[in-house]
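Visitor: coordinates only, no sequence provided:
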């Protein structure tokens, strides 16, 4: 997935508050694709044969642009489509002749060539435009890196309707991949980028060219988080922690504003390798998300955030943000988070119980979830990677909440997976989360829940007792269950039917259980047949 690991192009190898000196245009994903559709189509129709000189190309492009903004855009789109990045010049450290006439002749260049060409075409079309030199966080950048040596990048400012705006044709044209090849991939974000976003990865030599008041200092720029365009294009905003380096003990919490139609994925890496997903978690409340990570040992980590449009199965997660985290003290106790699957967000499920759990447990655990009434859930338990019988989990359905219970029959490493689907949906359930636990429980062959039949969930039944799946035979057991709209509920064991006493939706009774399979059945009008709800087992 190239988009996940794209590297922005360069020329050579604290909480901040900004005031724009000039108005900036919003750069949302929708605007990128629709706002300039007509002028972009015209730019793409102008052939390279028109590029015999700056004047001739400017004249050809001007036929499709009548406003200052459209003139700047038609130049931006033509350059990003037709000029290829010269990776040989970049990696050799010898850019060669980057004059606009030469770039048009060879149809390739490094950033200085892109910037000089844009300025020349803009000036030929009557726009004020300048080439800007400075530092960028481009190819090979690592969060927290210090600025050393001369400027390493070039871009432009252009005056649109009396206001200066920022443009970077180089980064709009594509990126250098992991194999050091240039990949053409148009990016409209770097056309008229808002100055308070542009400054996260561009620092001009002249502070006034930031178009910010006050301008950002070199030290502040170096410390800013490594932000990708998608962070802003999806409407995310920093609430805390704009600095890219975090010093922490045991855990980190970073808060961002995020629209509800955006899905997030958080990853923790060390030495370039992803760590267990159970070390990260995202708490979401309304339009705010808290990004949390736990650290199993001291050291240096990268905390990486990915984004995508919620509910779009054809769109993949792409990187939006990197932090470097320096940890002095690791977790005091072994804890973890659940692994959340995309369906967790798709079904609007929320964790009501604390997401962070100690992984060392005894016999039982419970997980409380909030969900819409039309969402049905089931759960499964695995031990050392092998799925166990259904009787080791039980889901209690409440009003707007569901509680998943699990019981561990012996010591071992367990994983609980919760599945969900809407009651109106047909087909299989979808995994929404997985928790991992290390149980120290002594072996107990009778530790289990009753087996749940599908009708139990469909009729919104609620069990009050007994929750033990294996019941002692010959001893009265107090049964209590709510079965809405049921005419009758009966306990069946060894061919003997024992009805429970009805009181509204509630059915109760003390029943002596025999040996072997024992089941609860219910009957709903107008049907005269009973359907199964739960299965127990009578044992000595």
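Guide: Right, received. Where do you want to start? Just so we're clear, the structure is a prediction, and the values are computed from it rather than from any experiment.
Visitor: alpha carbons only for contacts and neighbour counts from here, please
Guide: Will do.
Visitor: since we're on the residue lying closest to residue 461 once chain neighbours are set aside, how many residues are nearby?
Guide: Nearest residue to residue 461, sequence neighbours excluded (C-alpha to C-alpha, 6 or more residues apart in numbering): residue 483, at 4.5 Å. Close neighbours of residue 483, defined as other C-alpha atoms under 10 Å, add up to 24.
Visitor: same question, residue 86
Guide: Each residue near residue 86 was counted by other C-alpha under 10 Å, and the total is 18.
Visitor: hmm, it is touching residue 106, no?
Guide: No. At 10.0 Å, residue 86 does not count as touching residue 106 under the criterion of C-alpha atoms under 8 Å.
Visitor: re the thing from before, the residue nearest to residue 461 is in contact with residue 506, isn't it?
Guide: Yes. Between residue 483 and residue 506 a contact is recorded at 6.4 Å, counting by C-alpha under 8 Å.
Visitor: distance of the closest residue in space to residue 446 that isn't next to it in sequence from residue 489?
Guide: Closest residue to residue 446 apart from its sequence neighbours, by C-alpha to C-alpha, 6+ apart: residue 470 at 5.8 Å. Residue 470 is 20 Å from residue 489, where distance means C-alpha to C-alpha, to the nearest Å.
Visitor: out of these two, which sits in the busier spot?
Guide: The neighbour count for residue 470 versus residue 489, taken as other C-alpha under 10 Å, is higher for residue 489 (27 against 23).
Visitor: find the helix or strand that that one is a member of.
Guide: In the assignment (DSSP states H and E), residue 489 maps to strand 488-493.
Visitor: helices or strands next to that strand in the packing?
Guide: On a contact count with 3 or more C-alpha pairs under 8 Å, 6 or more residues apart in numbering; DSSP states H and E, strand 488-493 meets strand 496-499, strand 516-523.
Visitor: given the first one, what are its sheet partners and their directions?
Guide: What that stands for is strand 496-499. Strand 496-499 pairs in its sheet with strand 488-493 (antiparallel), by DSSP bridges.
Visitor: show me the contact partners of the strand it pairs with.
Guide: 497-500, 502, 507, 513-524 (C-alpha atoms under 8 Å, 6 or more residues apart in numbering).
Visitor: residue contacts, residue 374?
Guide: 422, 423, 424.
Visitor: likewise residue 97?
Guide: Listed by C-alpha under 8 Å, 6+ apart, the contact partners of residue 97 are residue 103.
Visitor: and it, helix, strand or coil?
Guide: Secondary structure state of residue 97, per DSSP: H, G, I helix; E, B strand; the rest coil, is coil.
Visitor: would you mark the buried spots in the strand holding residue 489?
Guide: The neighbour-count check on strand 488-493 (16 or more other C-alpha atoms under 10 Å) flags 488, 489, 490, 491, 492, 493 as buried.
Visitor: got it, and stretch 398-415?
Guide: Buried residues in stretch 398-415, defined by neighbour count with 16+ other C-alpha under 10 Å: 401-411, 413-415.
Visitor: centre of the chain to it, how far?
Guide: Centroid separation between stretch 398-415 and its chain, computed with C-alpha atoms, centre = their mean, to the nearest Å, is 26 Å.
Visitor: would you mind checking the average pLDDT for that stretch?
Guide: Across stretch 398-415, the average pLDDT comes to 92.
Visitor: do stretch 207-214 as well
Guide: 96.
Visitor: hmm, who's touching the helix or strand residue 39 falls within?
Guide: Element membership of residue 39, judged by DSSP H and E, is helix 37-45. Residues outside helix 37-45 that contact it (C-alpha under 8 Å, 6+ apart): 61, 64, 65, 70, 73, 74, 75, 77, 78, 81.
Visitor: from what I can see the last one touches residue 186, true?
Guide: Yes. In terms of C-alpha under 8 Å, residue 81 counts as a neighbour of residue 186; the distance is 7.4 Å.
Visitor: okay, and the common contacts of those two?
Guide: Residues touching both residue 81 and residue 186 (C-alpha under 8 Å, 6+ apart): residue 173.
Visitor: just put the helices and strands packed on strand 488-493 in JSON lines and tack on distance to residue 429.
Guide: What follows is the helices and strands packed on strand 488-493, written out as JSON lines (distance: least, C-alpha to C-alpha, whole Å):
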{"stretch": "strand 496-499", "distance to residue 429": "33"}
{"stretch": "strand 516-523", "distance to residue 429": "24"}
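Visitor: so which of those strands is the most packed in?
Guide: strand 516-523 (a mean of 19; mean count of other C-alpha atoms under 10 Å).
Visitor: which strands and helices sit next to that one?
Guide: Short answer (3+ C-alpha pairs under 8 Å, 6+ apart): strand 516-523 packs on strand 488-493, strand 530-539.
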